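In: how would this look folded up:
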Amino acid sequence: PPRALGPPPLGSAGAAPRAEGRASAACPEQEECSVSADTVLAPLRAALDACQATVQKQVCNDIGRRLTVLEDAWAQGKLSAPVRKRMNLLVQELQQQRWDAADEIHRSLMVDHVNEVSQWMVGVKRLIAETRALPSGD
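Out: Numbering: from 1, shown residues only. The predicted structure is shown next:
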């Protein structure tokens, strides 16, 4: 259920122009605001594939299930823009092998958006840990 934010400010002609103005100030590149699920999920699934050889099947299956929960929530529009945006950043850090930065984003999501992310973030956290533990180089 949406949180009570009080009445809208007086003199606004609707929320859309105001929200749009705020969004473009927060992220100058428009595509970063409307991140596609695939932009985030494809690298996560690739990371999971990379772990298959070294990580227990049960753990991989659990991570896979949680990524599916994330995918479903995304597809159903249940994730807020800040969560989608931060997940995009988390994936970028993961791809650059900046584990601490990815961990930090994961932690901030758990603190700021626990209700939205709690069902699947455990899988992302485990994926960060397992990817980090992979031997470097192929």
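In: mind listing what Ala46 touches?
Out: Applying Cβ atoms under 8 Å, 6 or more residues apart in numbering, we find Ala46 in contact with no residue. To be clear about C-beta, it is placed using only N, CA and C from the backbone, and glycine gets the same treatment.
In: Leu127: what's it in contact with?
Out: Applying Cβ under 8 Å, 6+ apart, the residues near Leu127 are 44, 47-48, 51, 63, 67, 94.
In: swap in Arg126?
Out: With Cβ under 8 Å, 6+ apart, Arg126 has these contacts: 59, 62-63.
In: Mind listing residues that contact stretch 96-103?
Out: 90, 93-94, 125, 128, 131-132.
In: any low-confidence regions in this protein?
Out: By pLDDT under 70, the low-scoring segments of the chain are 1-33, 136-138.
In: middle-most residue in it, spatially?
Out: By Cα atoms, centre = their mean, the chain has its centre lying nearest to Met87, at 2.3 Å.
In: Secondary structure element holding that one?
Out: helix 81-95 (DSSP states H and E).
In: Where do the strands of the chain begin and end?
Out: When assigned using DSSP state E, the chain turns out to have no strands.
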